[in-house]
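Student: Quick one, fold the following:
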Amino acid sequence: MPLIYMIRHGEAASGWDADMDPGLSEKGRAQSEAVAREIEARVGRKLPLISSPLRRCRETGEPLAKAWAQAPRIDERVGEIPSPVHDLKARGEWLRGFMAGAWSEAAPQGGIDFRAWRQGVVEALTGLAEDTVVFSHFVAINAAAGTALSDDRVILFRPDNCSVTIFETRGASLSLVEKGREGDTKVN
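Tutor: Got it, this is the predicted structure:
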């Protein structure tokens, strides 16, 4: 059964309420180097790489992609949760409120079906046929963890930047093998 190493991106240069697609901060670049070494030591071989299309995830994957001489496949399904709000300040406020809720309470907004988005995250992972490294986001990791644990909360835990959460796929289901390192982290 495939193991999925789902990595939250490194620290972004700015927050979700300040930039639509920030790259990594200097600290985030150092974190991405460290997590590349961690994955190489942990798995001991090259694995397929998948990344969210957003800069902070693509940049987090660069050190491992370079070491393994391969480009990550971009998959929008492991991307950031879409926001129905485009004003950056209001977007941050919306996200904080959304994260305090449950998926069963997440009514569509602005043409976005959040439960379908969550299912897309899960399908991206359960569709993998071999061990894979996935560079993704705080809410997407929680969406997968909640599905694996049959927990309806949007946020179950606070994966730190560049923490590694491990899932195992079993056909159309996920199981949580190991939660990533938690931190007093902000969503960015």
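Student: ok, and for the worst-scoring helix or strand of the chain on mean pLDDT, which residues are buried?
Tutor: Least confident helix or strand of the chain, by mean pLDDT, DSSP states H and E, is helix 88-99 with a mean of 89. Neighbour-count burial for helix 88-99 flags R91, G92, W94, L95, F98 (criterion: 16 or more other CB atoms under 10 Å). The way it works is simple: take the backbone N, C-alpha and C, and place the C-beta from them, glycine included.
Student: For this protein, which helix extends over the most residues?
Tutor: helix 26-43 (DSSP state H).
Student: Which secondary structure elements does that one sit against?
Tutor: If you count contacts as 3 or more CB pairs under 8 Å, 6 or more residues apart in numbering; DSSP states H and E, helix 26-43 packs onto strand 3-8, helix 55-67, strand 164-170.
Student: Direction included, what does the first one pair up with?
Tutor: Read that as strand 3-8. strand 132-136 (parallel), strand 164-170 (antiparallel) (DSSP bridges).
Student: Of the ones you listed, which stretch is the most buried?
Tutor: strand 132-136 (a mean of 27; mean count of other CB atoms under 10 Å).
Student: After it, which helix or strand is next?
Tutor: Downstream of strand 132-136, the first helix or strand assigned by DSSP states H and E is helix 138-149.
Student: Now stretch 13-24: buried residues?
Tutor: Along stretch 13-24, these residues count as buried under the neighbour rule (16+ other CB under 10 Å): A13, W16, D17, P22, G23, L24.
Student: just stretch 104-111 next, same as before
Tutor: Judged by neighbour count using 16+ other CB under 10 Å, the buried positions of stretch 104-111 are A106.
Student: measure it end to end?
Tutor: Stretch 104-111 stretches 17 Å from its first residue to its last (CA to CA, to the nearest Å).
Student: How about stretch 163-175?
Tutor: Stretch 163-175 end-to-end distance (CA to CA) = 18 Å.
Student: re the thing from before, ok, of the buried residues of helix 88-99, which one's closest to P159?
Tutor: L95 (15.5 Å; CB to CB).
Student: Isn't that closest one up against S83?
Tutor: Yes. Between L95 and S83 there is a contact under CB atoms under 8 Å: 6.7 Å.
Student: returning to what we had before: between the buried residues of helix 88-99, which is nearest R8?
Tutor: Lowest distance from R8 to these (CB to CB) belongs to L95, with 15.3 Å.
Student: Can you tell me the closest non-neighbouring residue to R77?
Tutor: Nearest residue to R77, sequence neighbours excluded (CB to CB, 6 or more residues apart in numbering): A124, at 3.8 Å.
Student: could you say which helix or strand contains the one you found?
Tutor: Assigned by DSSP H and E, A124 belongs to helix 114-126.
Student: the inter-axis angle of that helix versus strand 164-170?
Tutor: 80 degrees (axes from the mean of the first three to the mean of the last three CA atoms, to 10 degrees).
Student: No further queries at this time; thank you.
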